[in-house]
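Visitor: missing the sequence, but the structure's below:
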(Lines give C-alpha, C1' and ligand atoms only; values in the text may rest on other atoms or scores of the structure.)
Protein backbone atom coordinates (compact mmCIF):
# COMPACT_ATOMS: atom_id res chain seq x y z
CA UNK A 1 0.00 0.00 0.00
CA UNK A 2 1.43 3.37 -1.07
CA UNK A 3 1.97 5.91 1.73
CA UNK A 4 0.84 8.65 -0.64
CA UNK A 5 -2.57 7.13 -1.31
CA UNK A 6 -5.54 9.51 -1.14
CA UNK A 7 -7.84 9.20 1.87
CA UNK A 8 -10.68 7.69 -0.21
CA UNK A 9 -8.62 4.59 -1.09
CA UNK A 10 -9.88 1.89 1.25
CA UNK A 11 -7.61 -0.80 2.65
CA UNK A 12 -8.09 -4.02 4.56
CA UNK A 13 -5.68 -5.77 6.91
CA UNK A 14 -4.76 -9.25 5.65
CA UNK A 15 -2.55 -11.79 7.33
CA UNK A 16 0.43 -12.62 5.10
CA UNK A 17 1.79 -16.10 5.74
CA UNK A 18 5.06 -15.35 3.93
CA UNK A 19 5.76 -12.22 6.02
CA UNK A 20 4.17 -13.57 9.23
CA UNK A 21 2.40 -10.27 9.81
CA UNK A 22 -0.63 -8.28 8.79
CA UNK A 23 -0.31 -6.21 5.62
CA UNK A 24 -2.76 -3.59 4.37
CA UNK A 25 -4.10 -4.40 0.92
CA UNK A 26 -6.03 -1.99 -1.27
CA UNK A 27 -9.75 -2.76 -1.48
CA UNK A 28 -10.61 -2.02 -5.11
CA UNK A 29 -14.40 -1.83 -5.33
CA UNK A 30 -14.96 1.21 -7.53
CA UNK A 31 -13.70 2.70 -10.78
CA UNK A 32 -11.62 5.53 -9.35
CA UNK A 33 -9.67 3.14 -7.11
CA UNK A 34 -8.98 0.99 -10.16
CA UNK A 35 -7.75 4.06 -12.05
CA UNK A 36 -5.60 5.09 -9.09
CA UNK A 37 -4.01 1.62 -9.05
CA UNK A 38 -3.34 1.90 -12.78
CA UNK A 39 -1.60 5.22 -12.13
CA UNK A 40 0.60 3.40 -9.59
CA UNK A 41 1.66 1.14 -12.48
CA UNK A 42 -0.33 -1.83 -11.17
CA UNK A 43 -0.78 -4.24 -14.10
CA UNK A 44 -1.89 -7.60 -12.74
CA UNK A 45 -4.80 -7.98 -10.33
CA UNK A 46 -4.82 -11.16 -8.27
CA UNK A 47 -7.79 -11.74 -6.00
CA UNK A 48 -8.74 -14.29 -3.30
CA UNK A 49 -12.08 -16.07 -3.03
CA UNK A 50 -12.74 -14.29 0.27
CA UNK A 51 -14.93 -11.42 1.35
CA UNK A 52 -13.51 -8.73 3.61
CA UNK A 53 -13.36 -9.91 7.20
CA UNK A 54 -14.47 -13.44 6.37
CA UNK A 55 -12.75 -16.82 6.63
CA UNK A 56 -15.23 -18.44 4.26
CA UNK A 57 -14.38 -18.96 0.59
CA UNK A 58 -16.80 -18.02 -2.16
CA UNK A 59 -15.20 -20.16 -4.86
CA UNK A 60 -12.46 -22.55 -5.90
CA UNK A 61 -10.22 -22.83 -8.94
CA UNK A 62 -8.36 -25.56 -10.76
CA UNK A 63 -5.33 -23.90 -12.37
CA UNK A 64 -4.26 -25.89 -15.44
CA UNK A 65 -0.58 -25.34 -16.21
CA UNK A 66 0.91 -26.95 -19.34
CA UNK A 67 4.52 -28.09 -19.62
CA UNK A 68 6.92 -25.98 -21.66
CA UNK A 69 6.34 -26.35 -25.39
CA UNK A 70 3.02 -28.18 -25.04
CA UNK A 71 0.27 -27.60 -27.57
CA UNK A 72 -2.62 -25.64 -26.06
CA UNK A 73 -4.95 -28.44 -27.12
CA UNK A 74 -3.54 -30.47 -24.22
CA UNK A 75 -4.71 -27.82 -21.73
CA UNK A 76 -8.14 -27.72 -23.36
CA UNK A 77 -8.39 -31.50 -23.06
CA UNK A 78 -7.60 -31.35 -19.33
CA UNK A 79 -10.12 -28.51 -18.85
CA UNK A 80 -12.74 -30.86 -20.23
CA UNK A 81 -11.56 -33.56 -17.84
CA UNK A 82 -11.98 -31.06 -15.00
CA UNK A 83 -15.50 -30.27 -16.18
CA UNK A 84 -16.30 -33.98 -16.23
CA UNK A 85 -14.90 -34.41 -12.70
CA UNK A 86 -17.11 -31.54 -11.54
CA UNK A 87 -20.21 -32.97 -13.21
CA UNK A 88 -19.61 -36.34 -11.55
CA UNK A 89 -20.06 -34.73 -8.12
CA UNK A 90 -22.90 -32.42 -9.17
CA UNK A 91 -20.89 -29.21 -9.58
CA UNK A 92 -20.45 -26.78 -12.47
CA UNK A 93 -17.76 -24.28 -13.34
CA UNK A 94 -16.75 -21.63 -15.84
CA UNK A 95 -13.47 -21.37 -17.72
CA UNK A 96 -11.11 -18.53 -18.62
CA UNK A 97 -7.60 -18.24 -19.96
CA UNK A 98 -4.96 -17.43 -17.38
CA UNK A 99 -3.51 -14.73 -19.60
CA UNK A 100 -0.31 -16.77 -19.64
CA UNK A 101 -0.15 -20.34 -20.95
CA UNK A 102 -2.94 -22.10 -19.09
CA UNK A 103 -6.61 -22.14 -18.17
CA UNK A 104 -8.59 -21.60 -14.97
CA UNK A 105 -11.72 -23.60 -14.17
CA UNK A 106 -13.62 -21.58 -11.56
CA UNK A 107 -16.42 -22.92 -9.36
CA UNK A 108 -18.50 -20.50 -7.22
CA UNK A 109 -19.52 -22.02 -3.89
CA UNK A 110 -21.66 -20.97 -0.95
CA UNK A 111 -19.49 -19.57 1.81
CA UNK A 112 -17.56 -22.51 3.25
CA UNK A 113 -14.54 -22.64 5.57
CA UNK A 114 -11.35 -22.02 3.60
CA UNK A 115 -9.89 -25.33 4.78
CA UNK A 116 -12.88 -27.24 3.39
CA UNK A 117 -12.79 -25.43 0.04
CA UNK A 118 -9.05 -26.08 -0.27
CA UNK A 119 -9.67 -29.75 0.55
CA UNK A 120 -12.45 -30.05 -2.05
CA UNK A 121 -10.11 -28.51 -4.64
CA UNK A 122 -7.45 -31.13 -3.90
CA UNK A 123 -10.03 -33.88 -4.33
CA UNK A 124 -11.24 -32.43 -7.63
CA UNK A 125 -7.66 -32.05 -8.90
CA UNK A 126 -6.92 -35.69 -8.12
CA UNK A 127 -10.17 -36.84 -9.71
CA UNK A 128 -9.36 -34.80 -12.83
CA UNK A 129 -5.89 -36.33 -13.15
CA UNK A 130 -7.22 -39.84 -12.55
CA UNK A 131 -9.61 -39.51 -15.50
CA UNK A 132 -6.59 -39.55 -17.84
CA UNK A 133 -3.20 -39.89 -16.09
CA UNK A 134 -1.44 -39.85 -19.46
CA UNK A 135 -2.21 -36.15 -19.98
CA UNK A 136 -2.90 -34.75 -16.48
CA UNK A 137 -1.06 -34.84 -13.16
CA UNK A 138 -1.19 -33.31 -9.68
CA UNK A 139 2.60 -33.62 -9.23
CA UNK A 140 3.83 -30.34 -7.73
CA UNK A 141 7.48 -30.97 -8.64
CA UNK A 142 8.12 -30.24 -12.31
CA UNK A 143 10.48 -33.15 -12.77
CA UNK A 144 7.66 -35.52 -11.85
CA UNK A 145 5.14 -34.20 -14.37
CA UNK A 146 6.68 -35.99 -17.37
CA UNK A 147 5.24 -33.67 -20.00
CA UNK A 148 1.71 -33.68 -18.56
CA UNK A 149 -0.58 -30.75 -17.71
CA UNK A 150 -0.35 -29.84 -14.02
CA UNK A 151 -3.73 -29.60 -12.26
CA UNK A 152 -2.84 -27.10 -9.54
CA UNK A 153 -5.13 -27.11 -6.49
CA UNK A 154 -3.16 -24.59 -4.43
CA UNK A 155 -4.92 -21.41 -5.62
CA UNK A 156 -8.05 -22.11 -3.55
CA UNK A 157 -8.48 -21.50 0.16
CA UNK A 158 -6.38 -18.46 1.08
CA UNK A 159 -4.59 -18.38 -2.29
CA UNK A 160 -5.28 -15.93 -5.11
CA UNK A 161 -5.93 -16.15 -8.83
CA UNK A 162 -5.61 -13.51 -11.52
CA UNK A 163 -8.93 -11.74 -12.03
CA UNK A 164 -10.92 -12.08 -15.23
CA UNK A 165 -10.02 -9.29 -17.69
CA UNK A 166 -6.77 -8.52 -15.85
CA UNK A 167 -3.69 -7.89 -18.02
CA UNK A 168 -0.60 -9.99 -17.37
CA UNK A 169 3.02 -8.83 -17.31
CA UNK A 170 3.94 -10.77 -20.42
CA UNK A 171 5.04 -9.73 -23.93
CA UNK A 172 2.09 -8.11 -25.67
CA UNK A 173 0.14 -7.66 -22.38
CA UNK A 174 -2.23 -10.62 -22.76
CA UNK A 175 -5.48 -10.65 -20.77
CA UNK A 176 -7.12 -13.33 -18.65
CA UNK A 177 -10.17 -13.81 -20.87
CA UNK A 178 -13.47 -15.56 -20.12
CA UNK A 179 -14.35 -18.32 -22.59
CA UNK A 180 -17.64 -20.06 -23.20
CA UNK A 181 -17.21 -23.85 -22.93
CA UNK A 182 -18.60 -24.16 -26.46
CA UNK A 183 -15.81 -21.89 -27.78
CA UNK A 184 -12.93 -23.46 -25.87
CA UNK A 185 -11.33 -25.11 -28.91
CA UNK A 186 -10.79 -21.67 -30.45
CA UNK A 187 -9.15 -20.18 -27.34
CA UNK A 188 -5.44 -19.43 -27.46
CA UNK A 189 -2.95 -18.27 -24.82
CA UNK A 190 -2.23 -14.63 -25.52
CA UNK A 191 -5.12 -14.51 -27.97
CA UNK A 192 -6.60 -11.51 -26.18
CA UNK A 193 -4.42 -8.50 -25.33
CA UNK A 194 -5.05 -5.00 -24.02
CA UNK A 195 -4.69 -3.62 -27.57
CA UNK A 196 -6.38 -6.34 -29.62
CA UNK A 197 -9.35 -7.43 -27.57
CA UNK A 198 -12.31 -8.91 -29.44
CA UNK A 199 -15.73 -8.73 -27.77
CA UNK A 200 -15.48 -10.88 -24.64
CA UNK A 201 -18.18 -12.86 -22.86
CA UNK A 202 -19.59 -11.51 -19.61
CA UNK A 203 -17.69 -13.42 -16.90
CA UNK A 204 -20.48 -12.95 -14.37
CA UNK A 205 -22.98 -14.44 -16.82
CA UNK A 206 -20.76 -17.47 -17.49
CA UNK A 207 -20.33 -18.27 -13.81
CA UNK A 208 -22.92 -20.66 -12.37
CA UNK A 209 -24.77 -19.78 -9.18
CA UNK A 210 -22.89 -20.61 -5.93
CA UNK A 211 -23.13 -24.30 -5.06
CA UNK A 212 -22.90 -26.46 -1.94
CA UNK A 213 -19.76 -28.57 -1.74
CA UNK A 214 -20.57 -32.27 -1.33
CA UNK A 215 -19.57 -33.41 2.17
CA UNK A 216 -17.94 -36.59 0.85
CA UNK A 217 -15.80 -34.55 -1.57
CA UNK A 218 -14.60 -32.33 1.28
CA UNK A 219 -13.86 -35.38 3.45
CA UNK A 220 -11.92 -36.97 0.59
CA UNK A 221 -9.87 -33.83 0.14
CA UNK A 222 -8.89 -33.71 3.79
CA UNK A 223 -7.10 -37.05 3.30
CA UNK A 224 -4.94 -35.58 0.50
CA UNK A 225 -1.73 -33.76 1.53
CA UNK A 226 -1.33 -30.11 0.55
CA UNK A 227 0.77 -30.16 -2.63
CA UNK A 228 3.26 -27.48 -1.57
CA UNK A 229 3.83 -29.06 1.84
CA UNK A 230 4.25 -32.50 0.33
CA UNK A 231 6.73 -31.13 -2.23
CA UNK A 232 8.68 -29.32 0.51
CA UNK A 233 9.06 -32.55 2.51
CA UNK A 234 10.04 -34.44 -0.62
CA UNK A 235 12.65 -31.80 -1.46
CA UNK A 236 14.15 -32.11 2.03
CA UNK A 237 14.16 -35.90 1.76
CA UNK A 238 16.00 -35.76 -1.57
CA UNK A 239 18.50 -33.25 -0.17
CA UNK A 240 19.25 -35.57 2.75
CA UNK A 241 19.63 -38.46 0.34
CA UNK A 242 22.09 -36.47 -1.79
CA UNK A 243 24.14 -35.46 1.23
CA UNK A 244 24.24 -39.05 2.45
CA UNK A 245 25.30 -40.25 -1.01
CA UNK A 246 28.02 -37.62 -1.32
CA UNK A 247 29.24 -38.36 2.19
CA UNK A 248 29.35 -42.08 1.44
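Guide: Perfect, thanks for sending it. Keep in mind it's a predicted model, so treat the numbers as computed, not measured. Residues are numbered from 1 along each chain as shown.

Visitor: show me what contacts the nearest residue to residue 113 once chain neighbours are set aside?
Guide: Nearest non-adjacent residue to residue 113, counting by C-beta to C-beta, 6 or more residues apart in numbering: residue 56, 6.1 Å away. Glycine gets a C-beta too; all of them are placed from N, C-alpha and C. Residues near residue 56 by C-beta atoms under 8 Å, 6 or more residues apart in numbering: 50, 111-114.

Visitor: now do 10 Å
Guide: Residue 56 is in contact with 49-50, 109-114, 116-117, counting by C-beta atoms under 10 Å, 6 or more residues apart in numbering.

Visitor: which stretches in this protein count as helices?
Guide: Here the chain has its helices, by DSSP state H, at 31-39, 72-88, 114-131, 203-206, 215-221, 227-247.

Visitor: out of the contacts of residue 56, which sit inside strands?
Guide: Mapping the contacts of residue 56 onto strands (DSSP state E) picks out 109-113.

Visitor: where does confidence bottom out across these?
Guide: Scanning the ones in strands among the contacts of residue 56 for pLDDT, the smallest score is found at residue 111, 80.

Visitor: separation between the residue lying closest to it once chain neighbours are set aside and residue 49?
Guide: Nearest non-adjacent residue to residue 111, counting by C-beta to C-beta, 6+ apart: residue 56, 3.6 Å away. Distance of residue 56 to residue 49, computed by C-beta to C-beta, to the nearest Å: 9 Å.

Visitor: which residues do those two both contact?
Guide: Joint contacts of residue 56 and residue 49 (C-beta under 10 Å, 6+ apart) are 109, 111-112, 114, 117.

Visitor: show me the contacts for residue 91.
Guide: Applying C-beta under 10 Å, 6+ apart, the residues near residue 91 are 60, 83, 85, 107-109, 120, 124, 208, 211-214, 217.

Visitor: quick check, pLDDT for it.
Guide: 98.

Visitor: of the ones in strands among the contacts of residue 56, buried ones?
Guide: 109, 111-112 (16 or more other C-beta atoms under 10 Å).

Visitor: quick one: the residues you listed as CSV, columns for distance to residue 28 too.
Guide: CSV is the format used below for these (distance: C-beta to C-beta, whole Å):
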residue, distance to residue 28
109, 23
111, 21
112, 24
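
Visitor: ok, the residues you listed vs residue 136, which is closest?
Guide: Residue 136 has its nearest neighbour among those in residue 109, at 22.3 Å by C-beta to C-beta.
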